[in-house]
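# What follows is a predicted structure for the sequence shown.
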Amino acid sequence: MPTPDVYYQIDSQTMMNIFKNMLINFLGLSPESSGSMTFNKLTLSFTGYLSNYESEFLNDYYVKALNPFRFSLILAMIFYGAFALLDAATVPELKKIFWLIRFAVVFPVLLSVFAFTYFKTFRRYMQLLITCIMFITGFGIIVMIILGARIYNYSYYAGLILIFIFGYTFAKARFIYASLAGWLIVIAYEISAIWISDTPFTILINNNFFFISSNIIGMLIGYSLELSSRRDFYMRKLLELEQDKVKAVNSTLEKRVIERTRQLTNTNLKLKKEIEVRVRSEKERSELETQLFQLKKIETIGTLAGGIAHDFNNILTPILGYTDMALEELPEESTLRFDMEQINNAAVRGKDLVQQILTFSREVNVERKPVKLNQIVVEVINLLKASLPHEIEIRKSIDSGIGIILADPVHIHQIIMNLCTNAIHAMKNRGGILDIKVDSVMVDQKTTKKINNLKIGIYVRIRLSDTGHGMDRRTKERIFEPFFTRKEVGSGSGLGLSVVHGIVSNYNGAITVESTPGKGTLFTVYLPYNFSGPVNEIKSSDLLPRGVEHILFVDDELDITFMGKKMLENLGYKVTTKTNSSEAFEEFKRNPGKYSLLVTDQTMPKMLGTELAGKMRKINPDLKVIIITGYIDKLSDVTKSINGSYEIILKPIKLSEFSKVIRKVLDEN
C-alpha cells in the first residue's frame, strides 16, 4: 500500500506539470515552438544552432524599438513634470526640493538620453541606458518617498508602479535589463523604507504588496513581449530559408527546361530534314511519313514533359508537405500566415501544372468530378489575353446560373483552349472578334434528330464564334480527322480538333460546326448536365483525420522520408522510415505485427514498391498498403502482384488529401 509520502510526491509532480503548462500557455509559447526554437530560459538569448542569429536579432530589435523608446521618453518627461502639480497640492512645504529632483536631476538625464538616441553609438548602450533611466527615475521617487514620510505622506510609492509600466512595456527594454532595474528599485525602496525612514509597518506591507506585484507582473509581460519578438524573428528566418529553396528549385527547373528545349529543337530539326527528303522522293509515301514523324514528335515531347514532371513532383513534395504543416501550426492572426499561404498556393499551382503535363504525356489517368464550367472559361480567357494580338477582341457572355458538369478540368481546359486557338489563327491576318457564350439548354426530341449522340435532357452549351476566313464544305467534313490541317508547316499538328471531338464524345456530348467562307465559324459544344449537386469546397479550417497506428514509410529520397515522418507524427501516428526497400523488408520481417500500414514509393532501386508490398503481404496478409508514384499508368500490371486492397497517391503529397487516404485505408475491413 502506497505511503502518504508517495501520494504527496505524485500530487506535487502533477501540480508542477499543471503550473508549467499554465505558464507556457500564458506566455504564448506552445510545446512545439519551444522545442524547435532553442533559447536560454532566463536571458532569452538564442542558443545552440540559433546562437549565430543573436547579433542579427539584437540589431533588428533595436531598429524596431528605437522610435517607441523615444516616444516613451517624451511621455516620461510629460508625466514626470505633470506630477509637479501634485507636489504643490499635497506637500507644499517640500515642493522646492521635489521640483529640484524632477527638473534639475531627472529631466536633464531624460533630455540627454533623448538627444543621444540620434547618435550611431547609442545602439551599443541602449539597453544599459534604459536600465539606468529606470533606476534614476525610480530612485528620484524613492527620495521623494523618504522626504514625504517625514510629514506622514506615503502616497508617492504609486510613482514606482508607473516606472515599471514604462520600463517593461513602452521603453522596449529587454527582459533581463528591465528586470535588473526593477529589482534594484525594489531593493533601494526596502533599504530606504526600513532603515532610513520610519515607515509604519502596515503602510510598508501595503506599499510592498502593490509595487512588488507590479514588478513581477511587469517581468512576465516583458518576458512575453521579448519572447514573442524572438519567435517572430525565428519564423521570418524559417520563411526566408523556404523562399531560398523555392528560388533554387525554380532556377534548377529553368535550366532543365532550357536543356530539354534544346534537345527538342535538335530533334525537330532532324525530323523536318527527314520529312523534306521523303517528300521529294515520293508524294503519297511522304504524306504517310509526315503523319508518322508528327506522331514521333509528339511522343518525344510527351517523354520530355513526363521526365520534367517526374523530377518536379519530387521537388514539390517536401515544399507542399512542409508548408501544409507550417499552416497547421501558425495561428490565424499570425503575420506570417499570408506569406506561407502564398508559397503553398504557388506549389499547388505547380502541382496542377504537373498534372496537365502528365495528362499530355499520357502518364496519368483522369478522374471525373463535378466542376463549374464558368470558372474554367474565365481562366482560359485570361490566359489567352496575355498573348492575343491587339487586332483581335474577345467578348464573353457567361450565364452565372449554369449548372455543373461531371468532367476532368484539364479536359475542359483542352476543349476551350483548342477551339480558341483555331479561332485566333483564322483571324490572325485581318483581326476580328472572338465571341464565347456559355449557357444551359434543354435538348428536345427535335434537336436529338438533328445532332447525333444527344439525348433528351439538360445540357451545358458552349458557343464559340469568330469572324475569320471561314471554311468550305469539304474542309468542314474533314476537320475532326487526326492530322488534318490547313495550317502551314510548323504551325500545328492537326490533332487539336480531333482531341476535342474525342473528349466530347467520351463525355456523351456532341460538337457541331457552322461556317461560311469569308464570314467566320461557329462551334457549339454540348456537355451533359450533372445532377449530383454542387461542388464541395474543402475549407482550410476542416480538422485533419488523425490516428495512433504504426506506419512503415519507405522512399529512396531522404528529404521525402523526413517530410513524411514529420507529417505523419503531427497527425498522431508512430512512424518508422527507410530509404532502402531491402532494409525495409528486413525490418518488417523482424516484427510483422508491429505495422498497420505500409506507405512506399513505387520507383526505387533494387525493388519496386509493389514488389515490396507483395513480399510483406505474404508474411502478413492483413497489412494495408499505400503506393506513392508519379507514373500512375505504369501500375496497371505490377499491382496485380499485391494481394488485397491498396491505394495509390500521386506525387506531390498534400497533407489534407494524404491524411484522409491514410484514415480511409486503415478503417477498411
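Looks like it arrived, so ask away. Numbering: from 1, shown residues only.
# what's next to stretch 161-179, contact-wise?
Contacts to stretch 161-179, defined as C-beta atoms under 8 Å, 6 or more residues apart in numbering, come from residues 42-44, 61, 64-65, 68-69, 71-72, 75-76, 79, 127-128, 130-131, 133-134, 137-138, 141, 181-182, 185, 210-211, 214-215, 218-219, 221-223, 225-226. The way it works is simple: take the backbone N, C-alpha and C, and place the C-beta from them, glycine included.
# which ones are touching the most far-flung residue of the chain relative to its centre?
No residue in the chain sits farther from the centre than E93, which is 67.2 Å out by C-alpha atoms, centre = their mean. By C-beta under 8 Å, 6+ apart, E93 lies in contact with I151.
# again, but for T317
E557, I560, M563, K651, P652, I653.
# now these: which count as buried?
E557, I560, M563, K651, P652, I653 (16 or more other C-beta atoms under 10 Å).
# Format the residues you listed as CSV; extra columns: secondary structure, distance to V377 and pLDDT.
Converted to CSV, the buried ones among the contacts of T317 look like this (DSSP: H, G, I helix; E, B strand; the rest coil; distance: C-beta to C-beta, whole Å; pLDDT from 0 to 100):
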residue, secondary structure, distance to V377, pLDDT
E557, coil, 38, 86
I560, helix, 37, 86
M563, helix, 36, 86
K651, coil, 29, 78
P652, coil, 27, 78
I653, coil, 31, 78
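# ok, of these, which one's closest to Y53?
For the buried ones among the contacts of T317, the minimum distance to Y53 (C-beta to C-beta) is 24.0 Å, reached by M563.
# what residues are up against I101?
Counting by C-beta under 8 Å, 6+ apart, the residues that I101 touches are G140, V143, M144.
# Ranking by neighbours, what's the top pick from the residues you listed?
Ranked by the number of neighbours (other C-beta atoms under 10 Å), these place M144 first, at 22 neighbours.
# Buried residues in the strand or helix carrying that residue, which are they?
If you go by DSSP states H and E, M144 is part of helix 122-149. Within helix 122-149, the residues scored as buried using 16+ other C-beta under 10 Å are 122, 126-127, 129-131, 133-145, 147-149.
# Mean confidence (pLDDT) on the lengthiest helix in the chain, please.
Ordering each helix of the chain by length in residues (DSSP state H) puts helix 201-281 first. Averaged across helix 201-281, pLDDT comes to 86.
# same thing with stretch 160-169?
Here the average pLDDT along stretch 160-169 is 81.
# can you give me the end-to-end distance of that stretch?
End-to-end distance for stretch 160-169, by C-alpha to C-alpha, to the nearest Å: 14 Å.
# after the helix or strand of the chain with the lowest mean pLDDT comes which helix or strand?
Using mean pLDDT, DSSP states H and E, helix 635-638 stands out as the lowest-scoring helix or strand of the chain, at a mean of 49. Beyond helix 635-638 on the C-terminal side, the first helix or strand identified by DSSP H and E is strand 647-650.
# That next one pairs with which strands?
Using DSSP bridges, the strands paired with strand 647-650 are strand 624-629 (parallel).
# which other residues reach the partner strand?
So strand 624-629 is contacted by 555, 596-603, 609-610, 613, 616-617, 635, 639, 642, 644-651, 653, 661-662, 665-666, 668 (C-beta under 8 Å, 6+ apart).
# so G81 sits in a strand?
No - per DSSP: H, G, I helix; E, B strand; the rest coil, G81 lies outside any strand segment and is helix.
# Tell me where the model's unsure across the stretch 501-650 of the chain.
Under the criterion pLDDT under 70, the flagged ranges of the stretch 501-650 of the chain are 531-542, 631-645.
# Nearest to L86 among the contacts of I101?
Closest to L86, out of all of the contacts of I101 and judged by C-beta to C-beta, is M144, at 10.3 Å.
# Leaving out the residues flanking it, which one is nearest to the closest one?
Excluding the flanking residues, the one nearest M144 by C-beta to C-beta, 6 or more residues apart in numbering is Y156, at 4.8 Å.
# Tell me which residues touch the one you found, please.
Y156 neighbours (C-beta under 8 Å, 6+ apart): I141, M144, I145, G148.
# Turn those into TSV, including pLDDT.
TSV is the format used below for the contacts of Y156 (pLDDT from 0 to 100):
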residue	pLDDT
I141	83
M144	83
I145	80
G148	75
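# Widest-spaced pair of the residues you listed?
I141 and G148 (9.9 Å).
# before we move on, back to that, out of the contacts of Y156, who's nearest T447?
Within the contacts of Y156, distances to T447 taken as C-beta to C-beta reach their minimum at I141, with 92.7 Å.
# hang on, T512 is in a strand, isn't it?
Yes - T512: assigned to a strand according to three-state DSSP.
# thinking it is in contact with L454, fair?
No - between T512 and L454 there is no contact under C-beta atoms under 8 Å: 9.8 Å.
# When these two are compared, which one has more neighbours?
Per other C-beta under 10 Å, whichever of T512 and L454 has more neighbours is L454, with 19 against 14.
# May I have the residues that are in contact with that one?
V443, T447, T448, G509, A510, Y526.
# Please give me every residue in contact with the third one.
Each residue near T448 by C-beta under 8 Å, 6+ apart is listed here: L454, K455, I456.
# try 6 Å this time
L454 (C-beta atoms under 6 Å, 6 or more residues apart in numbering).
# Beyond the helix or strand that contains it, next helix or strand please.
Here T448 sits within helix 445-450, counting by DSSP H and E. Going down the chain from helix 445-450, the next helix or strand is strand 457-466, by DSSP H and E.
# what's that next one packed up against?
Using 3 or more C-beta pairs under 6 Å, 6 or more residues apart in numbering; DSSP states H and E, the elements in contact with strand 457-466 are helix 409-426, strand 432-443, strand 520-528.
# And those: which comes nearest Y53?
For those, the distance to Y53 is smallest for helix 409-426, at 44.1 Å, taking C-beta to C-beta.
# helices or strands up against that closest one?
helix 373-385, strand 457-466, helix 496-506.
# what's the angle from the first one to strand 432-443?
The one in question is helix 373-385. For helix 373-385 against strand 432-443, the angle by axes from the mean of the first three to the mean of the last three C-alpha atoms, to 10 degrees is 170 degrees.
# Ok, the last one next?
Using the same axes, to 10 degrees, one finds that helix 496-506 and strand 432-443 are set 20 degrees apart in direction.
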